[in-house]
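K.L.:
Only the shape, not the letters, is given here:
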């Protein structure tokens, strides 16, 4: 097979591992920077140019699209889909999962436990919003933040009110969420590939940081999920339409709840924590779907 990996960072751990995993299994794997793609849209023949050459004879695509370029990256993935090429993460699912508000709405409707969350557009309702999610402290999130960036813990009602009002004054969309004290700066990430949990890790935030993101200095260790926890992670990925997903869950007094679902989860932390060849699992997923499409 000829597999295209859409990535702006050819030297990143995740990209290199996917390239190596593909080559190990006898496939041609090439890295394409999606921002350098030119999409040609014409009657009956959608096609893509990269570095002034048309991309041809591709069997499958593995998108690694950063949050800051979701719109263009999703358009590139969609173009491959129009060319009837299998994509490991579908364009619509990518867009859906990147919208924190929409993904929470979908999960809540489907009965998946999530933190109490509120979306507000006017400062007039701030005090009531803080009360509705359980009172201070509260977590305030930018709708388009990632890797822990744009996530703020407001420890008092006044500080929460000030932060929310400041964001709304400059027309920045935010979510206000309940603070899960029991989490204690920890969360669990389940890595889902093709409807199966292929690895799970517990992440612990850096000292003094309530965020558990490894990019923020956190640490990770392998964790065993119960059958119910695996089922919840798989269901969260499925209802968002994601063939590949990092499902982040927070521990509460009543068990794990889903905090976020990541459509381009990093491989380094989960592979080192679990010892599982996650990149290989992704290539196997692509192989299964390529066979099914033949």
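P.N.:
Now that the structure is in, tell me what you want to look at. On a predicted model such as this, the values are computed, not experimentally measured, just so you know. Residues are numbered from 1 along each chain as shown.

K.L.:
can we go C-alpha only for contacts and neighbour counts from here?
P.N.:
Fine.

K.L.:
which regions of the stretch 151-294 of the chain lie under the pLDDT threshold?
P.N.:
206-217, 291-294 (pLDDT under 70).

K.L.:
Show me the strands in it, by range?
P.N.:
151-154, 174-178, 186-193, 196-204, 219-222, 244-252, 255-262 (DSSP state E, counting those that start in this stretch).

K.L.:
Can you tell me which of those strands is most buried?
P.N.:
Neighbour counts (mean count of other Cα atoms under 10 Å) averaged over each of the strands of the stretch 151-294 of the chain peak at strand 186-193, with a mean of 26.

K.L.:
Residues touching it, excluding its own?
P.N.:
197-205, 210-212, 223, 230, 233-234, 237, 243-251, 265, 270, 281-282, 285 (Cα atoms under 8 Å, 6 or more residues apart in numbering).

K.L.:
how is this structure carved up into domains?
P.N.:
2-89, 117-179, 182-263 (automatic domain parsing).

K.L.:
Of those, flag the one that's most buried.
P.N.:
Of those, the one with the most neighbours on average (mean count of other Cα under 10 Å) is domain 182-263, at a mean of 20.

K.L.:
before we move on, the earlier item: which of the strands of the stretch 151-294 of the chain sits closest to residue 133?
P.N.:
Nearest of the strands of the stretch 151-294 of the chain to residue 133, taken as Cα to Cα: strand 174-178 at 5.0 Å.

K.L.:
what's the angle from that closest one to strand 255-262?
P.N.:
Put simply, strand 174-178 runs at 170 degrees to strand 255-262, going by axes from the mean of the first three to the mean of the last three Cα atoms, to 10 degrees.

K.L.:
show me where the stretch 1-150 of the chain has strands.
P.N.:
Using DSSP E, counting those that start in this stretch, strands in the stretch 1-150 of the chain cover 2-6, 28-32, 37-40, 47-50, 53-54, 60-63, 86-87, 117-119, 138-142.

K.L.:
want to throw those strands into CSV with distance to residue 132 and mean pLDDT?
P.N.:
Listed next are these as CSV, based on distance: least, Cα to Cα, whole Å; pLDDT from 0 to 100:
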stretch, distance to residue 132, mean pLDDT
strand 2-6, 41, 98
strand 28-32, 46, 97
strand 37-40, 45, 96
strand 47-50, 48, 96
strand 53-54, 53, 96
strand 60-63, 38, 98
strand 86-87, 40, 97
strand 117-119, 8, 92
strand 138-142, 11, 89
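
K.L.:
Can I get the ones you listed in TSV including distance to residue 131?
P.N.:
Putting these into TSV (distance: least, Cα to Cα, whole Å) gives the following:
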stretch	distance to residue 131
strand 2-6	43
strand 28-32	47
strand 37-40	47
strand 47-50	50
strand 53-54	55
strand 60-63	40
strand 86-87	43
strand 117-119	10
strand 138-142	10
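
K.L.:
helices or strands up against the longest helix that the chain contains?
P.N.:
Counting by DSSP state H, the longest helix found in the chain is helix 278-293. When contacts are defined as 3 or more Cα pairs under 8 Å, 6 or more residues apart in numbering; DSSP states H and E, helix 278-293 packs onto helix 13-24, strand 86-87, strand 186-193, strand 196-204.
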